[in-house]
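Trainee: need a structure here:
(chains A and B)
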Amino acid sequence: QQQVRQSPQSLTVWEGETAILNCSYENSAFDYFPWYQQFPGEGPALLISILSVSDKKEDGRFTIFFNKREKKLSLHIADSQPGDSATYFCAARGNTNTGKLTFGDGTVLTVKP
Amino acid sequence: DPKIIQKPKYLVAVTGSEKILICEQYLGHNAMYWYRQSAKKPLEFMFSYSYQKLMDNQTASSRFQPQSSKKNHLDLQITALKPDDSATYFCASSQEPTNTGQLYFGEGSKLTVL
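Mentor: A predicted model of the protein is given here:
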């Protein structure tokens, strides 16, 4: 049973549009949700994150909306740029001290100029 | 300059052989991890180490053995390789295991088992 799900698998937007990437989870014990960005041939890099006590987190063009009741969150990328084309992973941390993150399958974002 | 160095970047092995993946981090972190990324599964947690001690092991097979000779090293030995082991293996680190908000990944070692 996959504990973190992402949709869509792939998304194409035009430059300047807002890209919306969705994530849902199963485990109520998850308390922290980072989003990672990965370019081909590189490791994932932390983009933005949110704690379960918040419902929104902004960092420049990137915003996370979090709905704890529905166990859903979304990443909005405003004014998308071709350089944003990458794979985006939603991850979740359980209530442990071991550092384990559970990742979703990822969304491949393509931004067309 | 990369702060987490993984070697080799690419490797090809034959079924039944053994390989060691090297990881060194120069971030001064106390916690290190291994994750696996394959075509069929999402990025998957394997191990976490803190101060050179095993914190968590989510790998069912004993063929995967992490080795920490120094605080900033966490190598991964894989024995009796199988084609299903083909994946990119990522080393990562954070200041502490509870501080995975600042989790840094290396560039990965892509393993192909023939």
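Trainee: who are the neighbours in contact with A:Asp31?
Mentor: Neighbour list for A:Asp31: A:51-52, A:93-95 [criterion: C-beta atoms under 8 Å, 6 or more residues apart in numbering or on different chains]. C-beta coordinates here come from the backbone N, C-alpha and C atoms, glycine included.
Trainee: Export these as TSV, with columns for distance to chain B and pLDDT.
Mentor: Formatted as TSV, those follow (distance: C-beta to the nearest C-beta, whole Å; pLDDT from 0 to 100):
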residue	distance to chain B	pLDDT
A:Leu51	9	92
A:Ser52	13	91
A:Arg93	6	90
A:Gly94	10	82
A:Asn95	10	63
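Trainee: Out of these, which two are the most distant from each other?
Mentor: The span of those, defined through C-beta to C-beta, is set by A:Leu51 and A:Gly94 at 13.4 Å.
Trainee: neighbour-wise, which of these two wins?
Mentor: Set A:Leu51 next to A:Gly94 and count neighbours by other C-beta atoms under 10 Å in any protein chain shown: A:Gly94 wins out with 15 against 12.
Trainee: Name the residues linked to the residue lying closest to B:His73 once chain neighbours are set aside by a beta bridge.
Mentor: Closest residue to B:His73 apart from its sequence neighbours, by C-beta to C-beta, 6 or more residues apart in numbering or on different chains: B:Glu24 at 5.4 Å. On the basis of DSSP bridges, B:Glu24 is bridged to B:Ile5, B:His73.
Trainee: Run a quick neighbour tally on B:Glu24.
Mentor: Neighbour count for B:Glu24, taken as other C-beta under 10 Å: 19.
Trainee: Ranking helices and strands of chain A by mean pLDDT, which lands last?
Mentor: Within chain A, confidence by mean pLDDT, DSSP states H and E is lowest for strand A:101-103 among all helices and strands, at a mean of 92.
Trainee: Tell me the helix or strand right after that one.
Mentor: Later in the chain than strand A:101-103, the nearest helix or strand by DSSP states H and E is strand A:107-112.
Trainee: Can you give the strand pairings for that next one, parallel or anti for each?
Mentor: Strand A:107-112 sits in its sheet next to strand A:10-14 (parallel), strand A:86-93 (antiparallel), going by DSSP bridges.
Trainee: For the last one, list the C-alpha coordinates in PDB.
Mentor: Coordinates of the C-alpha atoms in strand A:86-93 are reproduced here as PDB (Å, rounded to 0.1, in the frame of the first residue of the first chain):
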ATOM      1  CA  ALA A  86      11.900  18.800 -13.500                       C
ATOM      2  CA  THR A  87      10.400  15.900 -11.500                       C
ATOM      3  CA  TYR A  88       8.700  17.000  -8.200                       C
ATOM      4  CA  PHE A  89       8.400  14.600  -5.300                       C
ATOM      5  CA  CYS A  90       6.100  15.000  -2.300                       C
ATOM      6  CA  ALA A  91       7.500  13.300   0.800                       C
ATOM      7  CA  ALA A  92       6.300  12.800   4.300                       C
ATOM      8  CA  ARG A  93       7.900  12.200   7.700                       C
END
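Trainee: outside of that strand, which residues touch it?
Mentor: Contact partners of strand A:86-93, identified using C-beta under 8 Å, 6+ apart, comprise A:3-4, A:6, A:21, A:23, A:25, A:27, A:30-39, A:44, A:47, A:73, A:75, A:100-104, A:106-109, B:42-43, B:100.
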